[in-house]
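*Asks:* okay, here's the prediction I keep looking at, along with the sequence it came from:
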Amino acid sequence: MDDFRVRLSEVDLVDRLALPVPAIVVQSGIGVAFFVGALVTRAAVDVVATSAGPFSLIYPAVMLATLYGRWQAGLITWLISYLHAWYVVLPVRNSFEFADPSDFARTLVNGAASLVILFFAEAFRRAVRRATEERDAEIQTRDMLLGELDHRTKNNFAMVASLLDLQRRATSSEEVSEALTLASIRVQSFAAIHASIYSKGAFSDEIELNDYLGLLGQELSAAFFPDDRIRIEVACDPVKVPRDRAVALGLIVNEAVTNAAKHAFSEDASGKISVKFQSPRGAPWVLTVEDDGQGTNLKKPAVPASKGGLGSRLIAAFAQKAGGTLETVSSGDGTVVRLTGTA
C-alpha cells in the first residue's frame, strides 16, 4: 500500500501521456479535466449539501491538477474554477457583480488561498520528482556495481578452478589428483549457484530451481563425463525455492553425482544419472539423485553418514540445511539418494 502511494505521487501525466503536441496543450486539457471533475463533484454535493461554499472544491481540484499536470495545469484549473464560481455561482448570477459588496474581499481571499495551495503542491511535486530522479540514479549505480561484482566473482571462480586444475596436472599422486578434481568441481558448483542467484543481473531471494539444476547438471557432465558415456538427466518441476534451500539442494546434487561418478561406474561403462525434483501441491517435495550403476556400497558394510567419507558427510549436512529427511538405497541396480521435505 505504501509503495502504491509513492508510485501514485510520482505520476506526471504530461510525461505519461506523451502526446505529439506541445506540453501546454496537454496541461490545458488536464486543467479543464480537473475543473470538469470538480463541477461534477459539486453537482453531486449539492444534492445533499446545497449550502456548501462556492469555492470549496476549487482547492482539491487545483492541488490535484498541479500534482499530476504541473503548475500550468493547476493554474488553468484555478482560473477556470475561480471565474466560474464568481460568474455563475455567486449572486448576482451570470455576472461579475456582487449582490453583497463584502463578497469581493471574500472572493479575493479564496482566490489567494487557492494560489497558495498551488504553490505548495508544485513545490511538493518538484521535491518528489527530484527524489525519484535521485532514487533512479542510485538504482542505476547499484545495478552497475552489482554487474561489476558479478563479473569479477565469475572471473574469480574461473581462476580458482583453473589453478586447481593446473595443480592437479602437476601432481603425480592419484589421491591428490582426485582431491583436486573434486575441489575444482565444487568450485564450479558454487559458480553455478552464483550464476543462478544473480540471474539476469539482479539479485534474487528465490531461485528458479529448474534453471539452477539444469546449469549444475551441465557443469557436472562436462567435468566428469566429457565423452558423454554417462548421461546426466535433470527433470525439475517449475518452482522457485528460497536461495538458502536452493544452495543446499544444489550441493546435495553435486555430492551425490560426485559419489556416483567415483563409485557407480567402471571405466568403460555407460549409464545414466537422473536428477529429479518434484514439488506437488499440498505434498512434500522430493529431490532424487539416482544412477543405474553397480551400487556404491555393495562390497562394504553400511556406515552412518557422520562416519562415512567427506561426500557422505557433506550430503548429510546439506540435507539438514535444506530441511529434509535423507535416505540412501544402494543395490545391484544402482544407488538412489532421496531427500524428502515438508516446507
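*Replies:* That came through, no problem. Residues are numbered from 1 along each chain as shown.
*Asks:* gap between stretch 18-28 and the chain center?
*Replies:* 35 Å (Cα atoms, centre = their mean, to the nearest Å).
*Asks:* in that stretch, what's buried?
*Replies:* Across stretch 18-28, burial judged by 16 or more other Cβ atoms under 10 Å covers 26-28. In short, each C-beta sits where N, CA and C put it, glycine included.
*Asks:* quick check: mean pLDDT across that stretch?
*Replies:* Here stretch 18-28 scores 83 as its mean pLDDT.
*Asks:* same check on stretch 251-262?
*Replies:* Per-residue pLDDT over stretch 251-262 has a mean of 86.
*Asks:* the protein: helices as residue ranges?
*Replies:* 2-9, 13-17, 23-48, 58-84, 103-170, 174-197, 209-224, 243-263, 310-322 (DSSP state H).
*Asks:* report the contact partners of the residue nearest to Phe124 when sequence neighbours are not counted.
*Replies:* Counting by Cβ to Cβ, 6 or more residues apart in numbering, Phe124 lies nearest to Leu67, which is 7.2 Å off, once chain neighbours are set aside. Shown in contact with Leu67 (Cβ atoms under 8 Å, 6 or more residues apart in numbering): 9, 74, 121, 124-125.
*Asks:* and which of those residues is nearest Asp150?
*Replies:* Nearest to Asp150 among these is Ser9, at 32.9 Å by Cβ to Cβ.
*Asks:* before we move on, the earlier item: closest one to Pro91 among the helices of the chain?
*Replies:* Ranking those by proximity to Pro91 (Cβ to Cβ) places helix 103-170 first, at 8.1 Å.
*Asks:* elements contacting the closest one?
*Replies:* helix 58-84, helix 174-197 (3 or more Cβ pairs under 8 Å, 6 or more residues apart in numbering; DSSP states H and E).
*Asks:* what is the burial count for Phe318?
*Replies:* 22 (other Cβ atoms under 10 Å).
*Asks:* let me fix that: His263
*Replies:* His263 is flanked by 18 other residues according to other Cβ under 10 Å.
*Asks:* all numbers from here: first residue = 12
*Replies:* Yep, numbering from 12; the last one is His274 now.
*Asks:* how much space between it and Arg349?
*Replies:* 18 Å (Cβ to Cβ, to the nearest Å).
*Asks:* one more: Asp147?
*Replies:* For Asp147 relative to Arg349 (Cβ to Cβ), the value is 48 Å.
*Asks:* in terms of neighbours, single out the busier of the two.
*Replies:* Of the pair Asp147 and Arg349, Arg349 is the one with more neighbours under other Cβ under 10 Å, namely 17 against 10.
*Asks:* now the stretch 112-261 of the chain, which segments are flagged as low pLDDT?
*Replies:* Residue ranges of the stretch 112-261 of the chain with pLDDT under 70: 204, 207-215.
*Asks:* kindly recompute the last result at 90.
*Replies:* Within the stretch 112-261 of the chain, the segments meeting pLDDT under 90 span 112-125, 136-144, 146-147, 150-240, 250-259, 261.
*Asks:* ok, so of the buried residues of stretch 29-39, who is nearest Val245?
*Replies:* Distance to Val245 across the buried residues of stretch 29-39 (Cβ to Cβ) is lowest for Val37, with 53.7 Å.
*Asks:* quick one: residues contacting that closest one.
*Replies:* Taking Cβ under 8 Å, 6+ apart, one finds 24-25, 28, 30, 80 in contact with Val37.
*Asks:* could I get those as a markdown table with distance to Ala234?
*Replies:* Rendered in a markdown table, the data for the contacts of Val37 read as follows (distance: Cβ to Cβ, whole Å):
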| residue | distance to Ala234 |
| --- | --- |
| Leu24 | 57 |
| Val25 | 57 |
| Leu28 | 56 |
| Leu30 | 58 |
| Gly80 | 61 |
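*Asks:* okay, the helices of the chain in TSV with distance to Lys283 next?
*Replies:* Converted to TSV, those look like this (distance: least, Cβ to Cβ, whole Å):
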stretch	distance to Lys283
helix 13-20	48
helix 24-28	56
helix 34-59	64
helix 69-95	62
helix 114-181	26
helix 185-208	19
helix 220-235	11
helix 254-274	10
helix 321-333	20
